[in-house]
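> quick one, what's the 3D model for this:
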Amino acid sequence: MAGQKTPTALGTESIGKLLMQYAVPAIIAMTASSLYNMVDSIFIGHGVGTMAISGLALTFPLMNLVVAFCTLIAVGGATISSIFLGQKNVSRATDVINNVLVLCLIHSAVFGGLCLLFQTILYTLGNLGFQYGPFTILPLLSEGRMSILLNMTFLGLIL
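Alright, predicted model coming up:
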């Protein structure tokens, strides 16, 4: 029974052990996300060129917005689900988690679709300070627009 998790573990286990149990997966997830961004930049820089990296620099903040909103939804859902689990209402807790998953997927798909729809406006506004013309990187961005949309949708699924 020592390795099994019990519903009362949060009330009986030591705080240090619980902190490590819940903090380590979060640290690994953030490290994996940062590693993904770095490796993506390296591959795009070597494969396509420096102009593609400027397009990538405009895309990463949009992906971070998806992560931020899905995290907001997930943390709220986890809190409500924990309340229901504390009340021994597993059915309602499961419903909340399912709704969180669906809401994150919908948000990611809608946000990705809006970014695709208004990509010219977004990238022109984001590119005004560069020395190159704002439409120099648009062909590079439109080549990868479907992968950006799919990535945003899967970001909602992962979170």
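
> next secondary structure element downstream of the helix of greatest length in the chain?
Counting residues, the longest helix found in the chain (DSSP state H) is helix 50-86. Next along the chain after helix 50-86, taking DSSP states H and E as the criterion, comes helix 90-117.

> okay, angle between that following helix and helix 50-86 too, please.
Helix 90-117 runs at 160 degrees relative to helix 50-86, counting by axes from the mean of the first three to the mean of the last three Cα atoms, to 10 degrees.

> what packs against helix 90-117?
helix 50-86, helix 145-158 (3 or more Cβ pairs under 8 Å, 6 or more residues apart in numbering; DSSP states H and E). C-beta here means a position set from N, CA and C on the backbone, and glycine is covered the same way.

> check the ones you listed for me: which has the lowest mean pLDDT.
Of all the helices and strands packed on helix 90-117, the minimum mean pLDDT falls on helix 145-158 (a mean of 60).

> about what we covered before: show me what the longest helix of the chain is packed against.
Using 3+ Cβ pairs under 8 Å, 6+ apart, helix 50-86 sits against helix 15-47, helix 90-117, helix 119-126, helix 138-143, helix 145-158.

> now do the buried residues in the longest one.
Right, the one you point to is helix 15-47. residue 44 (16 or more other Cβ atoms under 10 Å).

> so which elements touch that helix?
Secondary-structure packing of helix 15-47 (3+ Cβ pairs under 8 Å, 6+ apart): helix 50-86.

> could you redo the last one with a cut-off of 10 Å?
helix 9-12, helix 50-86, helix 145-158 (3 or more Cβ pairs under 10 Å, 6 or more residues apart in numbering; DSSP states H and E).
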